[in-house]
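Visitor: Kindly return the folded structure for what I paste below:
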Amino acid sequence: MNNEKIYQGSCFCGAVELSVRGDPTGMGYCHCESCRHWSASPVNGFTLWQPEQVKISKGEEYIGTYHKTPNSYRKWCMQCGGHLLTDHPGMGLVDVYAALIPDFPFEPGVHVHYQEHRLAIRDGVTKMRDVPAEMGGTGEVIEE
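Guide: Purely as a prediction, here's the structure:
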């Protein structure tokens, strides 16, 4: 019997529904220009999952995909334009935007690409110049 917690989410209009299962690989905030432009926000809350932990349960035919680079395949609902997730094939992870899974206990552990921030956040959470070394970055921590 599987006791992993399952969290439900959907796009803005509800045409696409998804779920995530278990615990994410990581979660935090991204301040990169690409995420800021995509989300039309000064910062983006992310949750990273193994692909097998993410399931589209409804509306897969409504999902559009855009990739500016081969690193990030951003997906959205073609009915309402609501953003859903980003596949990161190089990392082997899927970012389900924290705001889409309202009952998930989002506990960010890191700010990535903080050198690009447009909104200073003084929350005591680690701020990284880019991303952790194990994800291909420098792993350099910077001050708030």
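
Visitor: quick one, strands of this structure?
Guide: For the chain, the strands defined by DSSP state E cover 6-10, 17-21, 26-30, 44-49, 54-58, 63-69, 72-77, 83-88, 93-97, 111-112, 127-128, 141-142.

Visitor: Could you list the paired strands of the third one along with their orientation?
Guide: This points to strand 26-30. In its sheet, strand 26-30 lies beside strand 44-49 (antiparallel), strand 111-112 (parallel), with partners assigned from DSSP bridges.

Visitor: Please apply the same query to the second one.
Guide: Strand partners for strand 17-21, identified by DSSP bridges, are recorded as strand 6-10 (antiparallel), strand 54-58 (antiparallel).

Visitor: Any chance of those in JSON lines with mean pLDDT as columns?
Guide: As requested, the strands paired with strand 17-21 are exported to JSON lines (pLDDT from 0 to 100):
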{"stretch": "strand 6-10", "mean pLDDT": "97"}
{"stretch": "strand 54-58", "mean pLDDT": "98"}
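
Visitor: Tell me which of those strands sits most buried.
Guide: Of these, the one with the most neighbours on average (mean count of other C-beta atoms under 10 Å) is strand 6-10, at a mean of 17. Placement of C-beta: from N, CA and C, glycine included.

Visitor: before we move on, the earlier item: between the strands paired with strand 26-30, which gets nearest to Pro24?
Guide: Taking C-beta to C-beta, strand 44-49 is the member of these nearest to Pro24, at 4.6 Å.

Visitor: hmm, who's touching that closest one?
Guide: Outside strand 44-49, the residues that touch it by C-beta atoms under 8 Å, 6 or more residues apart in numbering are 20, 24-31, 35-36, 38, 88, 91, 93-99, 101, 104, 106, 108.

Visitor: Buried among these? Make that a PyMOL selection.
Guide: In PyMOL, this line selects whichever of these come out buried by 16 or more other C-beta atoms under 10 Å:
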select buried, resi 20+24+25+26+27+28+29+30+31+35+36+38+88+91+93+94+95+96+97+98+99+101+104+108
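
Visitor: I'd guessed Met78 sits against Ile63; true?
Guide: Yes - if you go by C-beta atoms under 8 Å, Met78 and Ile63 touch, sitting 7.0 Å apart.
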